[in-house]
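Chemist: Sequence and predicted model, in that order:
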Amino acid sequence: MPLLRGDQVVADERVRVPVDAPVPAAGPLLLDLARLTAEAEHLWHRPDGVGVELLPAQPVEALEDWLDRLDLVALRFPAFTDGRPFSSARILRARYRFGGEIRAVGRLIPDQAQFLRQCGFTTIEVDDADLPRWRAAQVRMSLTYQLGYAESAGPPALSVFRARHARSGRAAA
């Protein structure tokens, strides 16, 4: 599946290691949390990069000892209506200051693109068939409902409420 990083399509170079498969000797990996913790002593100093995929019920705090060694945290959305991975991404960025890639995987819809970006996701795993809709959804918006979630890159976002208030103030004058 292709990855969307901003408006660019990039290849996924990660090797997803199934639970019952051996860990390859080389190459960047993507493991589940159980596998990561079970084989920690073999993965601590892996030079090619180690990533972990968290399910919504798995707390981000479980990665605390690993965050300085991980270069990717993939957060799974089991349904587009499940918002827990949004919170997990914010915790990774705000509380833990995680600077690596945060990837959204699973069942998402293009309408969530802006919120994913605002919460700290850097890449989105998309189906080939949905790629045109996702690329169209990558338009940067200058208004936001939650300024605390606004992106730090690019021009500052304006609160929807402040914009409405300013507009109604000009109309009254």
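Modeler: All right, it came through fine.
Chemist: Quick one: find the helix or strand in the protein with the lowest mean pLDDT.
Modeler: Within the chain, no helix or strand scores below strand 143-144, which has a mean of 58 by mean pLDDT, DSSP states H and E.
Chemist: starting at the chain centroid, how far to stretch 17-35?
Modeler: Counting by C-alpha atoms, centre = their mean, to the nearest Å, stretch 17-35 is centred 20 Å from the centre of its parent chain.
Chemist: One more: stretch 81-92?
Modeler: Distance, centroid of stretch 81-92 to centroid of chain: 9 Å (C-alpha atoms, centre = their mean).
Chemist: buried sites along that stretch?
Modeler: Across stretch 81-92, burial judged by 16 or more other C-beta atoms under 10 Å covers R84, P85, F86, S88, A89, R90, I91, L92. The way it works is simple: take the backbone N, C-alpha and C, and place the C-beta from them, glycine included.
Chemist: okay if I get the residues you listed as CSV plus secondary structure?
Modeler: As requested, the buried residues of stretch 81-92 are exported to CSV (DSSP: H, G, I helix; E, B strand; the rest coil):
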residue, secondary structure
R84, helix
P85, helix
F86, helix
S88, helix
A89, helix
R90, helix
I91, helix
L92, helix
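Chemist: Between those, which sits nearest P47?
Modeler: L92 (22.8 Å; C-beta to C-beta).
Chemist: Need the nearest residue in space to M1, chain neighbours excluded.
Modeler: E125 (5.1 Å; C-beta to C-beta, 6 or more residues apart in numbering).
Chemist: quick one: the one you found from Y96, how far?
Modeler: 22 Å (C-beta to C-beta, to the nearest Å).
Chemist: Next: W66.
Modeler: For W66, the distance to Y96 - C-beta to C-beta - is 10 Å.
Chemist: For the residue nearest to M1, list each beta-bridge partner.
Modeler: L3 (DSSP bridges).
Chemist: quick thing: my sequence starts at 56, can you match it?
Modeler: Understood, numbering begins at 56; the last thing we discussed is E180.
Chemist: tell me the contacts of it?
Modeler: Applying C-beta atoms under 8 Å, 6 or more residues apart in numbering to E180 gives the contacts M56, P57, L58, L59, D67, A129, R158, A159, V160, G161.
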